[in-house]
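Asker: A predicted structure for the sequence below; I have some questions about it.
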Protein chains: 4
Amino acid sequence: MNNIDYQKIFLEITAELEGIDDVGEVASYIPELGKVNPSKLGIHLMTVDKTGYSLGDSNEKFSIQSIAKVLSLTLALKIMGKDMWCRVGVEPSGSAFNSLVQLENEKGIPRNPFINAGAIVVCDILVSCLQNPKVELLDFIRKTSGIDTVKYCPEVADSEKKTGYRNYALTYFMKSFGNIHNDVDVVLDLYFHLCSIEMTCKELTQTFLFLAYAGVNPITNVRVISPERSKRINSVMQMCGFYDEAGEFAFKTGLPGKSGVGGGIIAVHPGQFCIAVWSPKLNVNGNSYKGMKVLEALTSKTQSSIF
Amino acid sequence: MNNIDYQKIFLEITAELEGIDDVGEVASYIPELGKVNPSKLGIHLMTVDKTGYSLGDSNEKFSIQSIAKVLSLTLALKIMGKDMWCRVGVEPSGSAFNSLVQLENEKGIPRNPFINAGAIVVCDILVSCLQNPKVELLDFIRKTSGIDTVKYCPEVADSEKKTGYRNYALTYFMKSFGNIHNDVDVVLDLYFHLCSIEMTCKELTQTFLFLAYAGVNPITNVRVISPERSKRINSVMQMCGFYDEAGEFAFKTGLPGKSGVGGGIIAVHPGQFCIAVWSPKLNVNGNSYKGMKVLEALTSKTQSSIF
Amino acid sequence: MNNIDYQKIFLEITAELEGIDDVGEVASYIPELGKVNPSKLGIHLMTVDKTGYSLGDSNEKFSIQSIAKVLSLTLALKIMGKDMWCRVGVEPSGSAFNSLVQLENEKGIPRNPFINAGAIVVCDILVSCLQNPKVELLDFIRKTSGIDTVKYCPEVADSEKKTGYRNYALTYFMKSFGNIHNDVDVVLDLYFHLCSIEMTCKELTQTFLFLAYAGVNPITNVRVISPERSKRINSVMQMCGFYDEAGEFAFKTGLPGKSGVGGGIIAVHPGQFCIAVWSPKLNVNGNSYKGMKVLEALTSKTQSSIF
Amino acid sequence: MNNIDYQKIFLEITAELEGIDDVGEVASYIPELGKVNPSKLGIHLMTVDKTGYSLGDSNEKFSIQSIAKVLSLTLALKIMGKDMWCRVGVEPSGSAFNSLVQLENEKGIPRNPFINAGAIVVCDILVSCLQNPKVELLDFIRKTSGIDTVKYCPEVADSEKKTGYRNYALTYFMKSFGNIHNDVDVVLDLYFHLCSIEMTCKELTQTFLFLAYAGVNPITNVRVISPERSKRINSVMQMCGFYDEAGEFAFKTGLPGKSGVGGGIIAVHPGQFCIAVWSPKLNVNGNSYKGMKVLEALTSKTQSSIF
């Protein structure tokens, strides 16, 4: 393991960030997200030998939103295996996270499991395979993280449902191509619940540490998924985890990662650590403005890039 | 360093590949490429401690084509630094290597330096910055590789020029947006020469080993570029090196790499090795059909993924 | 009025058509449309002085489908006037009738009231303005045509509803841009009923003769709409009535017209006549294969083009 | 013939227009166009019985630009007949006049002969068929108009050539699809000369009156083209004459017409008249702002729509 004093580095980074104007905007398409204090900043890094480093609001829960899509993907891969890749691709999208254009050109097969359309197809797969999808997915997330208190936030799920017209459009559109097998309302109910999960930065690192440890959560010693699939999930995060800013993130940070519109980001250094950052204001691409900067500074200072 | 018996693994892989029908097609848009023997197969892997492993036609020269774009990018980065990123992006393209659509949507700024448009902008930068671009670029490639005999193939360059209407279209189109500063014919002359370079698999690994060794060629001890930029070049290769199949390559192989329509592929495991594979028949995405399979098998057998 | 012997011309045309292989295909996306006898051929022409000319199955009812969109447009124009044009354009679409791409580029404003998205917006306008939209729309169609027995076909409407995923996608997509004001199910219920109307060729000419007579139905002497708006509806039919084949139809036929996937076409020669043709097999653009040929032959033989 | 007092109507219209702020902008992509006095306004209407009505700067020459594309189309149709329609379509484009996107989707076949790409293909056809294309095309235009002094403006042609990067891009792009048969420079030389022609409003009406008189110029009694083809040219003007504003022009004016970036517009009422308007300031779609308003007012006041 490395012997880097992350705590010191965190302090350096936040000191440097203080001089920077946060030009981002808090997501406000649903009231629940808009109510957050925009100046929150939390960081938690956990190494594979289970040492944790914290800063700021790292123990405060927030809506992890699309970060949860890594978990639904992991479960679908466990259940369905590589057959799932005929339903959703692994290529970066080259367009916005909720674009319908590419779906039209590519006959309803979403480019990857992290754009909205792809995550909805993953939910459709889970609805097909599970008896009680919402319960079983949550159960899987609890086992993966070792945190029994993780739960859906029904207010957020409900609010997404009431305003999620574009997600309905995406889902009906894929259904018109035959790539949604279940009832649209049932599939979206699972999807909206998935995105409503709340965690703290610390909980996020516990949850995703298995991706830094070849598929095993080193805290609980639970094997979440095989080493091969753990690598593949990392590769999909690398290529597709930041929508149309994936190249920028790879370029500047050099780690696989996934962001959410709640302002959270997780990143993984295989064999070394998992880090979670939270800052609610988003850049124009829908990724946390300060969160990106924190991770860029961290990997720059610690030379911790996979490249 | 790792102690893997690559030679043995090469033999296993080629034995396995024998049973597989190579459904690819040799590039034939210029006669010079079409004349190659389609059954050629060469592999060379060189570790950062300068041990080499060879198989098949690894000492036969072939047209490295777009693989050379990594070298023009490296030189442009050395000369112009990060300012060059306002002229070309680092995002995967999500469309074919020679598409004009994205250029129209994005005002003449190519998505990355490896699609044709992006590599042409890099050539335009070199034309602006160098006194004698063709000579100086070749000189840089010779110094990088430590191979004095590397040269352009004028027949290939000339043939590309005579049939490269789409490259002319791309270049004039970017010029209409102000993103080509020099004469179109001069820029494309450099571009066509760049793509005409011939190397063997062994020479390719010598040339690109600096990307596995933090910017220094361990054979010549020449620093080609800084460690930071070496990482960034690897990240751009990871995200954009295989056109619209970059995600697939990351998913299956897990290494940064770059392919060319001559059937060559290089891949880099930072800190460990550089490998070059050559097999002329291309899949539908324009990447070597067998070359992709060799690299997938290799990284699978040796667990050598960056993820 | 002209003194053309249309009856003789009809016979000539159908004789000529007998030698032609009808390469079209009957629409079969809902069972109700697939059940029709594909060899049906009906023609009815009615002049503004109320003389009618018939041939073949001109008194058999069929599903007029999108032809009805001219009637919903007419009613919306009567009610809302030119303000409706901020909700839907008057430009040809240059893409398929149910494409979502253009909607994404143009912020949810459909190009014209005849592509699906545009007709759905027109239905949304009617739902906003009318107390009992289905009843009042049907009432308007009965008054326009002077035919009291015109009615919706509930089986067709129901079948469209069950399979109309792409129309749901279009509607939710526009709602995400704020261009659908009412509940999606209510709007689509009106839309699916509108498209389910059945008429004979003869009834179609009675219904649309007002567009050849400056807004007045010469049979009932009812003013349907003002002369100015009658002209504008004709111009929209000319520009947008045949989806991505509008130019071809203008080029070959030279009359404003509108087609439906039931195989019907109406065309209008302002000041002279309205003609309806029905032949169920459709060309690749979704327009009646033989119907297009009949109209091309007719206008060619009678020199009745507006150009 | 009609007995409308056009002179009186012209005065009414220009009086009404005086209160309107002309928000357009003079084309300035080449210096020659930018030098024009932006407040110029000329109108000339000539009926098929050769009565002329003039207003303002109707005897001042200006650059007719794309209006000339109707003449190259007419000549190509005369020479090559309907076979030319496999090289260029007759559908409205649904996008800007110089877009490359549609060409990529449609394999290098331009949508219609009035967008730049289509007019360039027409020039390519003329280069293939004529011994001395520039001389013979000019000769044809002189015979069509009956005006021996019509000539190219070499300064404008030269200026277009020096800045016409996008036209080079379009042409090379089509050549990459095999839809340009001749040398790009030769084809564009003809194209740039075609667009450089200068005429007065009065000369324009003399030139295009054949489209209102079934293919014969009633002044010279020269048959320019057959009645059928005259109609078809009118239909293509109707559908495609105003780029992405064709529907709007049809909707408001109801006449086939063609505009140019020099601020000129011609419109034809088959059987009645040809009108030319000139006002240099262009709207966002590249059509004369005031010219469109004049024609809308004229057709509204005289009820002269083909619909």
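Answerer: Alright, I've got the coordinates. Residues are numbered from 1 along each chain as shown, chains lettered A, B, ... in the order given.
Asker: doesn't A:Cys153 make contact with A:Leu138?
Answerer: No - the criterion here is Cβ atoms under 8 Å, and A:Leu138 misses it with A:Cys153 at 11.7 Å. C-beta here means a position set from N, CA and C on the backbone, and glycine is covered the same way.
Asker: so how many other residues sit close to whichever residue of the stretch 1-150 of chain A sits closest to chain B?
Answerer: Chain B sits closest to A:Gly94 of the stretch 1-150 of chain A, with a gap of 2.2 Å, by Cβ to the nearest Cβ. Neighbours of A:Gly94 under the rule other Cβ atoms under 10 Å in any protein chain shown: 20.
Asker: How about the one 5 residues further on?
Answerer: Using other Cβ under 10 Å, A:Ser99 has 23 neighbouring residues.
Asker: cool, and A:His269?
Answerer: When neighbours are counted by other Cβ under 10 Å, A:His269 comes out with 25.
Asker: Same question for A:Asn105.
Answerer: Neighbours of A:Asn105 under the rule other Cβ under 10 Å: 12.
Asker: any idea how far it is from C:Lys301?
Answerer: Separation of A:Asn105 from C:Lys301 (Cβ to Cβ, to the nearest Å): 42 Å.
Asker: Check A:Ile64 too.
Answerer: Distance from A:Ile64 to C:Lys301, by Cβ to Cβ: 70 Å.
Asker: The two: who's more crowded?
Answerer: For A:Ile64 versus C:Lys301, the count of surrounding residues by other Cβ under 10 Å is larger for A:Ile64: 33 against 16.
Asker: which residues touch that one?
Answerer: Taking Cβ atoms under 8 Å, 6 or more residues apart in numbering or on different chains as the criterion, A:Ile64 is in contact with A:197-199, A:204, A:260, A:262, A:264.
Asker: Narrow the residues you listed to those in helices?
Answerer: A:Leu204 (DSSP state H).
Asker: Now do the helix or strand hosting A:Ala297, average pLDDT.
Answerer: Secondary structure assigned from DSSP states H and E places A:Ala297 in helix A:289-302. The average pLDDT within helix A:289-302 is 93.
Asker: secondary structure class for the residue of the stretch 1-150 of chain A closest to chain B?
Answerer: coil (DSSP: H, G, I helix; E, B strand; the rest coil).
Asker: Check the gap between it and chain D for me.
Answerer: Separation of A:Gly94 from chain D (Cβ to the nearest Cβ, to the nearest Å) stands at 15 Å.
Asker: Thought B:Gln102 was touching that residue, still the case?
Answerer: Yes - when contacts are counted by Cβ under 8 Å, A:Gly94 is listed as touching B:Gln102 (7.2 Å).
Asker: State the pLDDT value of the residue of the stretch 1-150 of chain A closest to chain B.
Answerer: Confidence score, pLDDT, at A:Gly94: 71.
Asker: where's it relative to B:Asp244, distance?
Answerer: A:Gly94 sits 9 Å away from B:Asp244, going by Cβ to Cβ.
Asker: Dig out what A:Glu25 forms beta bridges with.
Answerer: Under DSSP bridges, the beta-bridge partners of A:Glu25 are A:Leu282.
Asker: That one touches A:Leu282, doesn't it?
Answerer: Yes - using Cβ under 8 Å, A:Glu25 is in contact with A:Leu282, at 6.0 Å.
Asker: Settle it for me: which of those two has more neighbours?
Answerer: A count of neighbours by other Cβ under 10 Å puts A:Leu282 above the other of A:Glu25 and A:Leu282, at 23 against 15.
Asker: Pretty sure the more buried one sits against A:Gly260.
Answerer: No - between A:Leu282 and A:Gly260 no contact is recorded; they are 9.7 Å apart, counting by Cβ under 8 Å.
Asker: And the strands in the stretch 101-250 of chain A?
Answerer: Ranges of strands in the stretch 101-250 of chain A, per DSSP state E, counting those that start in this stretch, are A:198-199, A:216-217, A:222-223.
Asker: residues from the stretch 51-200 of chain A in reach of chain D?
Answerer: Within the stretch 51-200 of chain A, no position lies close to chain D (Cβ under 8 Å from any Cβ of the partner chain).
Asker: any idea how far B:Gly94 is from the residue of the stretch 51-200 of chain A found nearest chain D?
Answerer: Residue of the stretch 51-200 of chain A nearest chain D, by Cβ to the nearest Cβ: A:Asn105 (9.4 Å). Between A:Asn105 and B:Gly94 the computed distance is 10 Å (Cβ to Cβ).
Asker: Perfect, that will be all.
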